[in-house]
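Trainee: need a structure here:
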Amino acid sequence: MYRKLVSFFLVLALVLPCLFLSAPVTASAGENSFVSNTVTVSGSKYVAVGKKVTLKASSPVTWKSSNKKIATVSSKGIVTGKKAGKVTITAKAKNGSSKTWKMTVMKKAVKSITVTTSAKTLDLNGKKTAKLTAKASPSSAAQSFTWKSSDTKIATVSSAGKVIAKGVGKVKITATATDGSKVKKEITLTVKDSSASRKVGVSFPTNTLQRWAMDGANLSASLKSAGFDVDLRYADNNEQLQLSHVEAMIDGGCQVLVISAVNGYDSLNSALAQAAKKGIAVIAYDRMLMNTNAVSYYVSFSNKKVGILQGNYVVKALDLKNAEGPFNVEFTAGDPGDNNAKYFFDGAMDVLKPYIESGKLVVVSGQTTFDEVATPTWRSDVAQERAEDLLFTYYADGTELDAWVCSNDSTAYGVTSALSGYAYVGSWPIITGQDCDINNVRNIIAGKQAMSVFKDTRVMVSRTVKMIEQIMNGGTVDTNGKVDNGAISVPAYLCTPVVVDKSNYRKYLIDSGYYAEEQLQ
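Mentor: Residues are numbered from 1 along each chain as shown. Got it, this is the predicted structure:
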């Protein structure tokens, strides 16, 4: 019996270890269910001379460089490039396993990166992917990059630069050099959903001025003809009202906003930030939206050229290059809240200032700065009131007035009304304007206004509609320049203005179909 028990326990002692070794091992919460005997390493394959990159290991290791003259490695896996060449970094774990990591030390570090894309606009209902390509300068630097998306809910990006659209909005994709230089380059992509509404929001400052009433009606009709839904609103020159309009357009599902701001400097910035976050394209129409990166495009005329045309007209009409003078002149500029107003004034002043400084032109009132001659909201009655004050103060003694440079037709109409109402008896001055409003063209025909700069807004309307179609279709948007708004350089399409006076009004305004002849009678 004793021998049988001994034999049994001997067999048990031999069999039990085998059973435990072959049986699956389970682990309670907090325990490793599996421990790999193989260490892995991740990180960059490149480092530039004088730069540092960090390698990471899957478990605690000691690091070693095969050639410290080419690169050193710290206990934390920080590799420092010393000399151009190739080097092997070894990571050795406590269990004896090791991993070698081959690296190249580049003589030149990356100084800049350019990124190109196969598409800047992706469509959840169409082309959902784009291929990004990065190129480092100098060309001898490592051409190796990591990619990162600012919002993976809008788009993801692979290690090879392939972008996949996930949701509507704007997303920033960043390429970063992996050689330790930390140089980055960012590109912005837009993701839209073409199956969504083709709704366009149009926000204009007022419809009390003929110009804006016409632009609004023409743009709305052209957009509807092109198959768009249009939400057109006028803000009655009220900043807060316009802000509420734009916010309502964003909430109402507009895919593109066309905005001519009451105040283009800051009144709409909160709404513009919302639009940018939702990937809504914003077109600044004739008036630039300043100090914001949420403007997609700008369509207008060359606004400084408007003032230059006005100034040149005065120079020619008074023969300032040859006449002895002196000639008396006054200025009436536009709304300080409209950034274009300063361009108009500066353009005219650039032409006329040399004649003022030489004494050939005399500003009798002494008011020669934009702030002194500005007209809030461009209103004719405001311009008229100031003009009457100037006439009473400086011209009541019979002093002749030779020219009055007005930045647009609504201010010119106010000045003309002041001259007529004041019963000005001197030689009628040369009065400039802009926009070719009906009443002003009538005054041009009657000899009360010398000229108006014609900005055929039909051209702007047509260009704006084309921009919107290109945006909606994800195509390239046609532009012919860029305009700095204080925050970014905005892609722009700038149309060409022309001078209209009594000699050519029929060609530009009647023959072109802008006005019917009976409208000007």
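Trainee: mind checking pLDDT for the residue sitting nearest the centre point of the chain?
Mentor: Note on the chain: the residue nearest the mean C-alpha position is residue 295, at 3.8 Å, using Cα atoms, centre = their mean. Looking at residue 295, its pLDDT reads 96.
Trainee: which SS class is it?
Mentor: Classification of residue 295 using DSSP: H, G, I helix; E, B strand; the rest coil returns coil.
Trainee: I figured it hits residue 284, correct?
Mentor: Yes: counting by Cβ atoms under 8 Å, residue 295 does reach residue 284; the two are 5.2 Å apart. Bear in mind the C-beta positions are built from the backbone N, C-alpha and C, glycine included.
Trainee: what sits in contact with each of these two?
Mentor: Common neighbours of residue 295 and residue 284, counting by Cβ atoms under 8 Å, 6 or more residues apart in numbering, are 485, 490.
Trainee: Now do the residue nearest to the centre of the chain against residue 517, distance only.
Mentor: Distance of residue 295 to residue 517, given as Cβ to Cβ, to the nearest Å: 40 Å.
Trainee: list the contacts for residue 466?
Mentor: Going by Cβ under 8 Å, 6+ apart, residue 466 touches residue 478.
Trainee: ok, now residue 255?
Mentor: So residue 255 contacts 192, 196-200, 280-281, 471-472 (Cβ under 8 Å, 6+ apart).
Trainee: okay if I get those residues as JSON lines plus distance to residue 79 and neighbour count?
Mentor: Converted to JSON lines, these look like this (distance: Cβ to Cβ, whole Å; neighbours: other Cβ atoms under 10 Å):
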{"residue": "192", "distance to residue 79": "43", "neighbour count": "25"}
{"residue": "196", "distance to residue 79": "49", "neighbour count": "13"}
{"residue": "197", "distance to residue 79": "53", "neighbour count": "12"}
{"residue": "198", "distance to residue 79": "54", "neighbour count": "18"}
{"residue": "199", "distance to residue 79": "54", "neighbour count": "16"}
{"residue": "200", "distance to residue 79": "54", "neighbour count": "28"}
{"residue": "280", "distance to residue 79": "45", "neighbour count": "26"}
{"residue": "281", "distance to residue 79": "45", "neighbour count": "26"}
{"residue": "471", "distance to residue 79": "46", "neighbour count": "21"}
{"residue": "472", "distance to residue 79": "49", "neighbour count": "21"}
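Trainee: right, and out of the residues you listed, which lies closest to residue 99?
Mentor: Comparing the contacts of residue 255 against residue 99 with Cβ to Cβ places residue 192 closest, at 45.3 Å.
Trainee: surely the closest one meets residue 170?
Mentor: No: with contact defined as Cβ under 8 Å, residue 192 does not reach residue 170; the gap is 9.9 Å.
Trainee: where do the contact lists of the two overlap?
Mentor: residue 279.
Trainee: Which parts of the stretch 151-300 of the chain are strands?
Mentor: 155-157, 162-165, 169-177, 184-192, 199-204, 229-234, 256-259, 281-285, 297-301 (DSSP state E, counting those that start in this stretch).
Trainee: Then the stretch 351-500 of the chain?
Mentor: For the stretch 351-500 of the chain, the strands defined by DSSP E, counting those that start in this stretch cover 361-362, 403-406, 430-431, 451-454, 481-484, 489-495, 498-501.
Trainee: Let me know which of those is the nearest to residue 155.
Mentor: Relative to residue 155, the nearest member of those by Cβ to Cβ is strand 489-495, separated by 21.5 Å.
Trainee: That closest one vs strand 281-285, what angle?
Mentor: 50 degrees (axes from the mean of the first three to the mean of the last three Cα atoms, to 10 degrees).
Trainee: What strands flank strand 489-495, and is each parallel or antiparallel?
Mentor: strand 297-301 (parallel), strand 481-484 (antiparallel) (DSSP bridges).
Trainee: List the buried residues of that strand.
Mentor: By neighbour count with 16 or more other Cβ atoms under 10 Å, strand 489-495 contains the buried residues 490-495.
Trainee: Now do the contacts for residue 218.
Mentor: Residue 218 sits in contact with 457-458, 461, where contact means Cβ under 8 Å, 6+ apart.
Trainee: My read is that residue 269 contacts residue 291, right?
Mentor: Yes: with contact defined as Cβ under 8 Å, residue 269 and residue 291 form a contacting pair (7.4 Å).
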